[in-house]
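*Asks:* coordinates for the following, if possible.
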Amino acid sequence: MDLPPVGLGTMGIDDPGAVATAVSVGYRHLDTARIYDNEAVVGDGLAAGLADGDLDRGDVTVATKLWTDDLAAGAVAPAARESADRLGVDAIDLLYVHRPRGDYDPETTLPAIDRVGDDGLVRNVGVSNFEVADLDRAIEVLGRPPAAHQTELHPLFLRPELLGHAREHGYPVVAYSPLAGGRVREIDAVAAVAEAHDATPEAVAIAWAAAKEPVVTIPKASSEAHLRANLAAADLELTDAEVAAIDAVEREEELFPE
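*Replies:* Numbering: from 1, shown residues only. Alright, predicted model coming up:
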């Protein structure tokens, strides 16, 4: 998929106004999930944002995810329809397997999502929180790479093998929590690069992730100021040395393990 460098992560957002503002200031990729319990919020915000501007529905990529208890073959289509109804869309642009756990079985889950796509309800099939072996099996079953792989990625958590796999097979990596839950401000290397560019650590973290082909980011933000700042961070260019300095940060545990 051709996804913009910065989209909106919506976990924890419960105000449609924040989503509407995001659309109005230029966000063209909205990410939610059934387990976030805010698909209706995102849908209402999308509708308001489209109504206030000159955009068409097709200008904004809307993504959601099936939770682990939605992944049995017979559960996929009803769950996808419920999500589409809550989002207020005729079709979900990108539907992810949220985690390869619970009722997930690649042999039955992925073909079931494909069938929903054949019916026009889902435009693209993605995966989230997969390991390389899970990705390989998904490609084998689907007969093609996923449309996208969403995974946690920030200066304190990086999985180079996942990026290598995406490059090899030609699909984007969607980085969630790129600001490490606000902890990027505590990282000396990030702070030093931010000072050199007269930028915020948050902007540097987004720019660092975006420098890693084929990564796009979905930071969460609610206020207009933060929404605009995150979007503008895509234009910040770091040097190879600056990227390497952040790469050298000692890694910690992921924020959202299983």
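
*Asks:* show me where the stretch 51-200 of the chain has strands.
*Replies:* Secondary structure of the stretch 51-200 of the chain (DSSP state E, counting those that start in this stretch): strands at 61-66, 94-97, 125-128, 149-152, 173-176.

*Asks:* could I get those as JSON lines with mean pLDDT and mean neighbour count?
*Replies:* Placement of C-beta: from N, CA and C, glycine included. Putting the strands of the stretch 51-200 of the chain into JSON lines (pLDDT from 0 to 100; neighbours: other C-beta atoms under 10 Å) gives the following:
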{"stretch": "strand 61-66", "mean pLDDT": "98", "mean neighbour count": "26"}
{"stretch": "strand 94-97", "mean pLDDT": "98", "mean neighbour count": "26"}
{"stretch": "strand 125-128", "mean pLDDT": "98", "mean neighbour count": "24"}
{"stretch": "strand 149-152", "mean pLDDT": "98", "mean neighbour count": "24"}
{"stretch": "strand 173-176", "mean pLDDT": "98", "mean neighbour count": "25"}
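
*Asks:* any chance of TSV for those, columns distance to Asp134?
*Replies:* Shown next, in TSV, are the strands of the stretch 51-200 of the chain (distance: least, C-beta to C-beta, whole Å):
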stretch	distance to Asp134
strand 61-66	15
strand 94-97	9
strand 125-128	7
strand 149-152	9
strand 173-176	14
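
*Asks:* among those strands, which comes closest to Glu254?
*Replies:* strand 149-152 (5.1 Å; C-beta to C-beta).

*Asks:* now find how far off-centre the closest one is within its chain.
*Replies:* Distance of strand 149-152 from the chain centroid (C-alpha atoms, centre = their mean, to the nearest Å) equals 7 Å.

*Asks:* thanks again, I'm all set now.
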